[in-house]
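S.K.: below: sequence and its predicted model.
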Amino acid sequence: MRIDLNTQSPAVTADGKTGKAESALRSSGSRVAPDEARLSLDHARVQALEAQARNYPEVRQDKVEPLQRALASGAYQPDASRTAEAMYNEMLASPGGIR
């Protein structure tokens, strides 16, 4: 079986009909411009969200400090097997997985 990478398949719309690309290709005999996708996000909104994210600290001290105190005093004693299971499940869920 031979595959010709230079041929262009006809454009088909969601309703199964061939689109303008095929008829343009037939009538002109030339190639049609490649498909193009544009995302229309409000640039100002993206910048505002980015600035907002930058204002959050990398480490949330308000959460870390009480946990450090509880750990130091012995009040917090995490279950080792539950911690290991959670770490394992997190690795399985990550895109790289376990190698």
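M.R.: Yep, that arrived. Residues are numbered from 1 along each chain as shown.
S.K.: for Ala51, the count of nearby residues, please.
M.R.: Other residues lying near Ala51 total 9 when counted by other C-beta atoms under 10 Å. Every C-beta, even on glycine, is put in place using the N, C-alpha and C of the backbone.
S.K.: helix or strand for it, which one?
M.R.: Using DSSP states H and E, Ala51 sits within helix 43-55.
S.K.: what do you get for Val59?
M.R.: Using DSSP H and E, no helix or strand contains Val59.
S.K.: can you check the pLDDT for it?
M.R.: Predicted confidence (pLDDT) for Val59: 88.
S.K.: for it, what are phi and psi?
M.R.: phi -120, psi 130 (degrees, to the nearest 10).
S.K.: kindly report the same for Thr83.
M.R.: Backbone torsions of Thr83, given as degrees, to the nearest 10, read phi -60, psi -50.
S.K.: how much space separates Ser73 from Val59?
M.R.: Ser73 sits 21 Å away from Val59, taking C-beta to C-beta, to the nearest Å as the criterion.
S.K.: do the same with Pro95
M.R.: Pro95 is 24 Å from Val59, where distance means C-beta to C-beta.
S.K.: repeat for Asn89
M.R.: In terms of C-beta to C-beta, Asn89 sits 24 Å off from Val59.
S.K.: ok so, going back, neighbour-wise, which of Pro95 and Val59 wins?
M.R.: Taking other C-beta under 10 Å, Pro95 and Val59 do not tie; Val59 has more neighbours (7 against 4).
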